[in-house]
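Engineer: I would like to see how this sequence folds:
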Amino acid sequence: MDTPLVRVITLSDGNGAIAATEEGGPVMLELPYPRNNLRIELAILEFTAPERNRYKWRMLGYRDAWTTAAATVPIELNNVPPGAFTLEVVGINGDGVEGPLTSMLAIGVARPFWAAPWFIALVSAAVIAAIAWLWALAYRSGWKHGCARRNGR
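Structural biologist: Prediction:
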C-alpha cells in the first residue's frame with residue numbers, strides 16, 4: 001500500500017492560468033485584488049485504486065475547517081479577502097490511508113488601493129482640511145458681518 005502524495009496540476013482564475021514561483025517550500029502565489037478567485041486542480045499520486053483517491057484541504061486564515069473531495073474535483077476559492085493564506089492538503093488513497101500534510105500554496109491577496117492605510121490617511125486628511133477650510137470661511141464671513149454691525153454700518 002503506497003502513501004498518497006499530492007501535487008498541483010493547474011492554477012487558474014477567470015482569466016486563465018496563473019504563474020507561481022516555487023522556492024524550496026510551498027508554491028508562492030500573489031493575486032492582485034480584482035483577481036481574487038482561484039481554481040486549483042490537484043493530482044493524487046497513488047495508483048492502486050486511483051478512482052477512489054481523495055484529498056482533504058484547508059486554507060489557514062480563510063477556511064480553517066478541513067474539506068474532503070474526490071481527486072477529480074478541483075478546489076474553487078471565490079472572493080478571497082486580502083491577506084496571506086496557506087493551503088494545506090492531505091492525500092487519501094482508496095483504502096483511506098492518509099499521506100503527509102503538505103503545505104501546497106502560500107497565497108497572498110493584495111489589498112485594494114482604497115483599503116490601504118495610506119489611502120485612508122490621505123482621505124481623512126482631505127476631509128479634515130475641507131472641514132477646517134469651511135469653518136474658517138464661515139468664521140471670517142461672520143466676523144466681517146459682526147464688525148460691520150458693531151461699527152453701525
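
Engineer: Ramachandran coordinates for residue 136?
Structural biologist: Phi and psi for residue 136, reported as degrees, to the nearest 10, are phi -60, psi -40.

Engineer: Could you measure from it over to residue 128?
Structural biologist: 12 Å (C-beta to C-beta, to the nearest Å). For glycine as for every other residue, the C-beta is placed from the backbone atoms N, C-alpha and C.

Engineer: From what I see, residue 42 and residue 11 are in contact.
Structural biologist: No: under the criterion of C-beta atoms under 8 Å, residue 42 makes no contact with residue 11, lying 10.4 Å away.

Engineer: In terms of neighbours, single out the busier of those two.
Structural biologist: residue 42 (23 against 19; other C-beta atoms under 10 Å).

Engineer: secondary structure class for the more buried one?
Structural biologist: Assigned with DSSP: H, G, I helix; E, B strand; the rest coil, residue 42 falls in the strand class.

Engineer: so what's it closest to, chain neighbours aside?
Structural biologist: Using C-beta to C-beta, 6 or more residues apart in numbering and skipping residues adjacent in sequence, the residue nearest residue 42 is residue 6, 5.5 Å away.

Engineer: Residue 9 now?
Structural biologist: Distance criterion C-beta to C-beta, 6+ apart; nearest residue to residue 9, sequence neighbours excluded, is residue 41 at 4.5 Å.

Engineer: pretty sure that neighbour contacts residue 74?
Structural biologist: Yes: between residue 41 and residue 74 there is a contact under C-beta under 8 Å: 4.5 Å.
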